[in-house]
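Q: Just to be clear, the model below is a prediction. Sequence and coordinates:
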Amino acid sequence: MDAVGPVEALERIAFLLERDRAPTYRVKAFRTAAAVIAAMPEEEVHRRAADGSLTEVKSIGPKTAAVVGEALAGRVPSYLAHLEQEAGGPLAEGGEELRAALRGDCHLHSDWSDGGSGIEEMARAARDLGHEWAVLTDHSPRLTIARGLSPERLRSQLDVVAEVNERLGDGFRLLTGIECDILADGSLDQEEELLERLDVVVASVHSKLRMDAAGMTRRLVAAVASPLVDVLGHCTGRLLAGRGRPESEFDADMVFAACARFGTAVEINSRPERLDPPRRLLRRALDAGVLFSIDSDAHAPGQLDWQIYGCARAEECGVPAGRVITTWPVERLLEWTRSP
């Protein structure tokens, strides 16, 4: 790989660590160091690297100082080279053709809710991965454990997104959105007027996941039938990691038929601990004629690269690129989400 500057090297290391699901504290060390170095005068960075005093700066440790020193010397930092070799390769077998067709991502979080990075940082990472657009979908109010956005905070976030788009300029667009909780009766956890203003609404179940199948079916059908909902997020709610969590029970054929009828896309959630829906349901959704949205559900920049997991599963199940809304240009996506 080509040599990079110290800030870029530190940020790339953090990205690769996130992509490889490293502990948060390790990632934070490199992201914090990158921010500190970026804020320092260039002359001071060079002077401290030369006299060995970088580690006297708060948040710069021996390992991050070594990365800075090697980058300033025009070399690829050894730790970065190691990570590129160990963690920078393909994450999944297959899915490359579909991944190459993706233009965006309908589901990502920032530190406004339970993400770990700022809005602009997430947007820049999505752009740097080659996306033309991405949708910011922080959580809605009822999910207090994830710092869900009140109507007031969401209104403030819309202004921030507009400012970020001004700074990023042409070639990439961050769209406004939300991951809105589907409440037990199928209603949506946000003011209708606000949901109408958003570019994309992803609706997901996060509570009472063990309710009876008939009730869950009614709940999901009510949500996907709403003209405000564009994407049904991680439909079974399952978790594969740790102790795991079983799938919610519902009539999949009825829910997917409703998605097809009302033009709501079914999310192919790419998070390794979700991979939702399972293959058998993914194939039933395909047979039902639904649209799909292959999303990262990223909570950190490096996790944006997880879309390949969803692409591999979609390809394996025969999902054509034309049925995937995240392959669409932004104009077509917005025409679709704004249609009655």
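A: Yes, it's here. Numbers count the residues shown, from 1 in each chain.

Q: Tell me the helices and strands packed up against the worst-scoring helix or strand of the chain on mean pLDDT.
A: Here the helix or strand of the chain ranked lowest by mean pLDDT, DSSP states H and E is helix 78-87, holding a mean of 93. Other elements packing on helix 78-87 under the criterion 3 or more C-beta pairs under 8 Å, 6 or more residues apart in numbering; DSSP states H and E are helix 6-19, helix 62-72. Glycine gets a C-beta too; all of them are placed from N, C-alpha and C.

Q: Give me the angle between whatever helix or strand comes next after the first one and helix 6-19.
A: The element immediately downstream of helix 6-19 (helix or strand, assigned by DSSP states H and E) is helix 24-39. An angle of 160 degrees separates the directions of helix 24-39 and helix 6-19 when computed by axes from the mean of the first three to the mean of the last three C-alpha atoms, to 10 degrees.

Q: In CSV, could you pull the C-alpha coordinates for helix 24-39?
A: The C-alpha coordinates for helix 24-39 follow below in CSV (Å, rounded to 0.1, in the frame of the first residue of the first chain):
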residue,chain,number,x,y,z
THR,A,24,-14.2,-0.5,21.5
TYR,A,25,-11.4,0.7,23.7
ARG,A,26,-8.8,-0.2,21.1
VAL,A,27,-10.7,1.6,18.3
LYS,A,28,-11.2,4.6,20.5
ALA,A,29,-7.5,4.9,21.2
PHE,A,30,-6.7,5.4,17.5
ARG,A,31,-9.7,7.6,16.7
THR,A,32,-8.9,9.9,19.6
ALA,A,33,-5.2,10.0,18.6
ALA,A,34,-6.2,10.9,15.1
ALA,A,35,-8.4,13.8,16.3
VAL,A,36,-5.6,15.1,18.6
ILE,A,37,-3.0,15.0,15.8
ALA,A,38,-5.4,16.7,13.4
ALA,A,39,-5.9,19.5,15.8
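
Q: who touches it?
A: By C-beta atoms under 8 Å, 6 or more residues apart in numbering, the residues outside helix 24-39 that reach it are 6-7, 10-11, 13-14, 17-18, 45, 57-61, 63-64, 67-68, 116-117, 300, 302.

Q: Buried by neighbour count: which residues of that helix qualify?
A: Across helix 24-39, burial judged by 16 or more other C-beta atoms under 10 Å covers 27, 29, 30, 31, 32, 33, 34, 36, 37.

Q: Let me have those residues in TSV, extended by pLDDT and distance to residue 203.
A: Formatted as TSV, the buried residues of helix 24-39 follow (pLDDT from 0 to 100; distance: C-beta to C-beta, whole Å):
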residue	pLDDT	distance to residue 203
27	95	30
29	96	36
30	97	35
31	96	31
32	96	35
33	98	38
34	97	35
36	98	39
37	98	41
